[in-house]
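Q: here is my input, please return the structure:
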Amino acid sequence: MKLKAAYDHDFWDGARKTLSAFWIAQGRIWHGYEIEGIENIPSSGPALIIYYHGTLPVDMYYVVSSLILEKDRQVHLVGDKFLFHIPGWQTLMEVCKVTTGTVSSCVEVLKSGQILSIAPGGVREALFGDETYNLMWNQRSGFCKVALQANVPIIPMFTVNIREAFRTPSWARDWLRGIYEKSRLPIVPIYGFFPVKLKTVFGEPIIPDASYTPEELAAVVRIRIKDLIEENQHCPGSILRALLERFPMFRQEKPVGS
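A: Below is the predicted model of the structure:
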């Protein structure tokens with residue numbers, strides 16, 4: 001009935017909710033997907049979600065879908081510039097609310113009352129990160145310039161086992177990193193689609209302090225993301241363990257410091 005009402009109201013709204021229902025079903029069946037801390041996402045008004053970037057960000061498909069269905073909120077996403085150069089993808093990017101992510105465009109989205117998501121590690125973290133879950137943000141702080149200018153809360157986010165769902169081979173990371181740094185071409189092979197347990201965790205909102213510089217605020221956010229990883233993820237990640245965690249009897253609270 002909700003989907004029918006959405007189509008009656010607006011075709012594209014109905015289409016988005018239908019696709020969202022599909023992604024949620026797929027996530028629950030294939031990954032036993034669940035969300036913890038969704039109450040930290042505001043039901044109205046702007047917010048900036050900052051998250052760790054897995055090899056493929058399938059968790060964001062599930063997050064976007066969950067927020068559409070549970071809170072009737074559309075999430076805008078920042079994507080790498082190369083996505084906009086793929087033939088035929090420009091329209092898809094517009095429909096999916098993906099932006100290239102200049103500071104001014106991000107501030108505009110937030111000041112219009114929307115939710116925006118950014119992975120500061122970007123493609124580098126996606127393709128060259130590994131099962132140790134180290135952040136690869138370098139000195140990036142542009143996302144904090146956005147938060148400070150728009151004066152919006154920052155919601156830290158991490159998805160448990162996201163690095164075990166898809167991976168890049170270590171030889172490719174070592175060999176192709178130099179090529180990527182020179183050309184920005186994401187040509188690293190990817191394997192996986194393993195049915196591992198995935199759980200997205202939203203931390204408590206970080207309220208930007210106007211006295212902070214972007215670099216100081218970025219350091220605070222980095223610590224909060226690291227805390228989410230430390231509290232929820234067994235490191236180094238293991239595909240076998242992540243598969244077994246689909247079954248409740250194999251799930252264990254992560255010991256502090258492990």
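Q: which parts of the host helix or strand of V220 are buried?
A: Element membership for V220 (DSSP states H and E) is helix 214-232. Using 16 or more other C-beta atoms under 10 Å as the test for burial, helix 214-232 gives 214, 217-218, 221-222, 224-226, 228-229, 232. Bear in mind the C-beta positions are built from the backbone N, C-alpha and C, glycine included.
Q: including pLDDT, could those residues go into TSV?
A: TSV is the format used below for the buried residues of helix 214-232 (pLDDT from 0 to 100):
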residue	pLDDT
P214	98
L217	98
A218	98
V221	99
R222	98
R224	99
I225	99
K226	98
L228	99
I229	98
N232	98
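Q: which one of those residues is nearest I154?
A: I154 lies nearest to V221 out of these, by C-beta to C-beta, at 5.9 Å.
Q: give me the distance between the closest one and P208.
A: Separation of V221 from P208 (C-beta to C-beta, to the nearest Å) stands at 10 Å.
Q: C235 now?
A: 29 Å.
Q: for the two, indicate the residue with more neighbours.
A: Shown here are C235 and P208; by other C-beta atoms under 10 Å, P208 has more neighbours (22 against 14).
Q: Q149 is in contact with that one, correct?
A: No - counting by C-beta atoms under 8 Å, P208 stays clear of Q149, with 9.5 Å between them.
Q: sorry, back to before: which residues touch the helix holding V220?
A: 50-52, 120, 133, 135, 137, 139-145, 147-148, 154, 156-158, 160, 199, 201, 203, 206, 208-209, 212, 235, 254, 256-257 (C-beta atoms under 8 Å, 6 or more residues apart in numbering).
Q: pull that helix out as CSV, backbone CA atoms only.
A: Written as CSV, here are the backbone C-alpha positions of helix 214-232 (Å, rounded to 0.1, in the frame of the first residue of the first chain):
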residue,chain,number,x,y,z
PRO,A,214,38.6,22.4,9.6
GLU,A,215,41.8,20.4,10.4
GLU,A,216,41.0,20.2,14.1
LEU,A,217,37.4,19.1,13.4
ALA,A,218,38.7,16.5,10.9
ALA,A,219,40.9,15.1,13.6
VAL,A,220,37.9,14.7,15.9
VAL,A,221,35.9,13.0,13.2
ARG,A,222,38.8,10.7,12.4
ILE,A,223,39.0,9.6,16.0
ARG,A,224,35.2,8.9,16.1
ILE,A,225,35.4,6.7,13.0
LYS,A,226,38.4,4.9,14.4
ASP,A,227,36.5,4.3,17.6
LEU,A,228,33.6,2.8,15.7
ILE,A,229,36.0,0.4,13.9
GLU,A,230,37.8,-0.4,17.2
GLU,A,231,34.5,-1.2,19.0
ASN,A,232,32.8,-3.2,16.2
